[in-house]
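Q: Quick one, fold the following:
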Amino acid sequence: MARYRQRGQDKRLMDIVSAEVVYHNDQESYRNVKVNDHATDKGMMELGGSRSTGEFASILLGLFSSNTDAQFRSGGTSSISGFNAQVYDFKVQQENSLWMVEAESQTLHPAYQGSVWVDPATARVLRIEIQAIGLPPDFPMNTVETAVDYSPVTIAGTPVLLPVHAETLGCGRDSPDCSHNIIDFRNYHEFKVDFKISGVDN
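A: Have a look, this model is predicted:
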């Protein structure tokens, strides 16, 4: 994750954060966090700066959760990554939001809206864009946006549709500066454990 400070079209690289993302039991977690290739004893969400969670899986799962009660409407068709996609616009109310956003010492689950690109042949998501709406006036940011792109990734000889790129943008309420994070997911692995329990005769 390359983290930039951006003002208008000008942006300056602040640091590069790397980590292993582990997805297990419908939860994503981060380990072996490094900043500028130096190990740190801090977790991903303990690092300084504005942060969001869920680009790997939680945002997409949260959108389609029955508890979220997202309201969808057709947004037409579009071409993306060589696919002809059906676009759906959506909106999620704040009381149903599972998307977590952090800035400084504040954390909230904002209402949000956006669009999702779906391959009509497979019903798989190719891209999702979301924007926070109705942020409270005491929240340090007045703009929070995230976009995630998905593409087939080969794991153990099998192509799997997974996130490959994401970008997040957060702009300060009383500042012309924005935080722009560019995230690339790579080096996918599937971990399996084979074990055998042998009986013991008494």
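
Q: from here on, contacts and neighbour counts on C-alpha atoms
A: Noted.

Q: What residues sit buried inside stretch 15-27?
A: Neighbour counts over stretch 15-27 (16 or more other Cα atoms under 10 Å) mark 16-19 as buried.

Q: How about stretch 150-161?
A: Residues of stretch 150-161 classed as buried: 150-151, 153 (neighbour count, 16+ other Cα under 10 Å).

Q: hmm, back to that, can you tell me which of the buried residues of stretch 15-27 end up in strands?
A: Counting by DSSP state E, the buried residues of stretch 15-27 place 16-19 in strands.

Q: you'd agree Leu61 is in a helix?
A: Yes. Going by DSSP: H, G, I helix; E, B strand; the rest coil, the assignment for Leu61 places it inside a helix.

Q: Can you tell me how far it is from Ser97?
A: Distance of Leu61 to Ser97, given as Cα to Cα, to the nearest Å: 12 Å.

Q: Can you tell me the centre-most residue of this protein?
A: Closest to where the C-alpha atoms of the chain average out (Cα atoms, centre = their mean) is Glu55, at 1.0 Å.

Q: so that one makes contact with Val148?
A: Yes. Assessed by Cα atoms under 8 Å, Glu55 is found in contact with Val148 at 6.7 Å.

Q: so what sits against both of those two?
A: Listed as contacting both Glu55 and Val148 by Cα atoms under 8 Å, 6 or more residues apart in numbering are Ala166.

Q: any weak-confidence spans in this protein?
A: Filtered on pLDDT under 70, the chain yields the residue ranges 50-53, 191-202.

Q: How are the helices of it distributed by residue range?
A: All helices of the chain, identified by DSSP state H, fall at 58-64.

Q: who touches stretch 121-135?
A: With Cα under 8 Å, 6+ apart as the test, stretch 121-135 has contacts from 60, 80, 85, 110-119, 141-151, 161.

Q: Could you pull out the buried residues of it?
A: Applying 16+ other Cα under 10 Å to stretch 121-135 flags 125-133, 135 as buried.

Q: chain center to it, what's the gap?
A: Distance of stretch 121-135 from the chain centroid (Cα atoms, centre = their mean, to the nearest Å) equals 10 Å.

Q: and Asp184, what does it touch?
A: Asp184 touches 1, 164-166, counting by Cα under 8 Å, 6+ apart.

Q: Now flag whichever of those is closest to Tyr23.
A: Set against Tyr23, the nearest of these by Cα to Cα is Val164 (14.7 Å).

Q: pretty sure that closest one is touching Ile182, no?
A: No. Using Cα under 8 Å, Val164 is not in contact with Ile182; the gap is 11.1 Å.

Q: before we move on, the earlier item: neighbour-wise, which of Leu61 and Ser97 wins?
A: More crowded of Leu61 and Ser97, by other Cα atoms under 10 Å: Ser97, with 22 against 15.

Q: can I assume the more buried one is in contact with Gln113?
A: No. The pair Ser97 and Gln113 does not pass the contact test of Cα under 8 Å, sitting 10.6 Å apart.

Q: quick revisit: let me have the buried residues of stretch 15-27 in JSON lines, extended by distance to Asp177.
A: Shown next, in JSON lines, are these (distance: Cα to Cα, whole Å):
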{"residue": "Ile16", "distance to Asp177": "19"}
{"residue": "Val17", "distance to Asp177": "20"}
{"residue": "Ser18", "distance to Asp177": "24"}
{"residue": "Ala19", "distance to Asp177": "26"}
